[in-house]
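>>> Following is a predicted model, sequence given first.
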Amino acid sequence: MSECSQFELFGFWRSSATYRVRVALNLKKMDAQEMTIDLDAGQQQSPEFLKVNPLGALPTLIEPGQQPLTQSLAILEYLEELQPTPPLLPSDPRGRARVRSISSMLTADTHPLVVPRVKNYLMERAGFDLAAWRDWQIQWFGAGIRATERRLATETGTGIWCHGDSPTFADIALASIIAVMRVFQISIPNTPTIDRIIAKCDTHEAFLKAAPYRQIGAPPVPVSGR
Ligand SMILES: N[C@@H](CCC(=O)N[C@@H](CS)C(=O)NCC(=O)O)C(=O)O
């Protein structure tokens, strides 16, 4: 895939949405050179980066001669079309809809509540301190993860992975939320189906290579984290 090695990816070590793109690239054996935008230093709001992504968010995929591509799920869809093997969506329409539904629940309804711009607003304008922010994180990670567990535990599509017996966008989305929860040392109890699927991700090289603490710019792994 020589044309694919021309990708550049704006990302940050602990960015959950960047992680999704890393895993998809790894599964599809595609390559991108990652360039860091330091979210802790507020580089996403620099005038230069806002020209690349007006929302001031990661990831953004850069391909020569093309406009920047933003939104992790749109990037995953694009990679899926460019390189259909291995497929990260099921072959049947109903299955694809289920995988996209689980993925959206996590990436569109859970993740946006816990991003830096929301934290900054709550801390600067809504009187939050760090303890209130942590309660907020636990509340919204918990809501998304518990809903996902209920679906995975009861829906017939669930297999070894979130859908069937090979990884899909849904596993990438789930693992991306768990990866950032681990960074923040947040765990939600009583999620046996999720725990089983994440144990699978934890033995899969494509997921392991994408892990936050394996990225350039990451701090040392805390003793109690990973
Ligand atoms: N829906 C977007 C989420 C993008 C997003 O919010 N990314 C976070 C990092 S995981 C970010 O860059 N946040 C910057 C900020 O909130 O200031 C996607 O999936 O790509």
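Sure thing, it's come through.

>>> Could you grab the helix/strand/coil label for the nearest residue to residue 188 once chain neighbours are set aside?
Distances taken as C-beta to C-beta, 6 or more residues apart in numbering put residue 145 closest to residue 188, at 4.5 Å, once the chain neighbours are dropped. For glycine as for every other residue, the C-beta is placed from the backbone atoms N, C-alpha and C. Assigned with DSSP: H, G, I helix; E, B strand; the rest coil, residue 145 falls in the helix class.

>>> And the pLDDT for residue 145?
pLDDT recorded at residue 145 is 98.

>>> From the ligand, how far out is it?
17 Å (C-beta to the nearest ligand atom, to the nearest Å).

>>> likewise residue 82?
Distance from residue 82 to the ligand, by C-beta to the nearest ligand atom: 18 Å.

>>> Next one: that residue, what pLDDT does it get?
97.

>>> just checking, residue 38 is part of a helix?
No: counting by three-state DSSP, residue 38 is located in no helix; its state is coil.

>>> Contacts only, for the nearest residue to it once chain neighbours are set aside.
Using C-beta to C-beta, 6+ apart and skipping the chain neighbours, the partner closest in space to residue 38 is residue 12 (6.5 Å). Going by C-beta atoms under 8 Å, 6 or more residues apart in numbering, residue 12 touches 18, 36, 37, 38, 39, 58, 217.

>>> quick one: the last one and residue 15 touch, right?
No: the pair residue 217 and residue 15 fails to qualify as a contact (C-beta atoms under 8 Å) at a distance of 10.7 Å.

>>> more neighbours, the two?
Between residue 217 and residue 15, residue 15 has the larger neighbour count (other C-beta atoms under 10 Å), namely 28 against 13.

>>> Tell me how far the more buried one lies from residue 210.
To residue 210, residue 15 is 11 Å away according to C-beta to C-beta, to the nearest Å.

>>> and if you look at residue 78?
18 Å.

>>> okay, these two: which has more neighbours?
Neighbour comparison, residue 78 and residue 210: the larger count goes to residue 210, with 25 against 16 (by other C-beta under 10 Å).

>>> Look at the more buried one and tell me its secondary structure.
What three-state DSSP gives for residue 210 is coil.

>>> Skip the chain neighbours and tell me the closest residue to it.
Distance criterion C-beta to C-beta, 6+ apart; nearest residue to residue 210, sequence neighbours excluded, is residue 22 at 3.6 Å.

>>> surely that neighbour meets residue 13?
No: using C-beta under 8 Å, residue 22 is not in contact with residue 13, being 10.5 Å away.

>>> the more surrounded of these two?
Using other C-beta under 10 Å, the more surrounded residue of residue 22 and residue 13 is residue 22, with 26 against 21.

>>> The strand or helix carrying that one: how far from the chain's middle?
Residue 22 belongs to helix 16-27 when assigned by DSSP states H and E. For helix 16-27, the distance from its own C-alpha centre to the chain's C-alpha centre is 7 Å (C-alpha atoms, centre = their mean, to the nearest Å).

>>> tell me the mean pLDDT over it?
On average, the pLDDT along helix 16-27 is 98.

>>> hmm, who's touching that helix?
By C-beta under 8 Å, 6+ apart, helix 16-27 touches 7, 9-12, 31-32, 34, 57-59, 61, 72-73, 75-76, 79-80, 86, 88, 107, 111, 167, 169, 172-173, 175-177, 179-180, 205-207, 209-212.

>>> so, in contact with the ligand or not, that helix?
Yes: Helix 16-27 is in contact with the ligand by C-beta under 6 Å from any ligand atom, via 16, 17.
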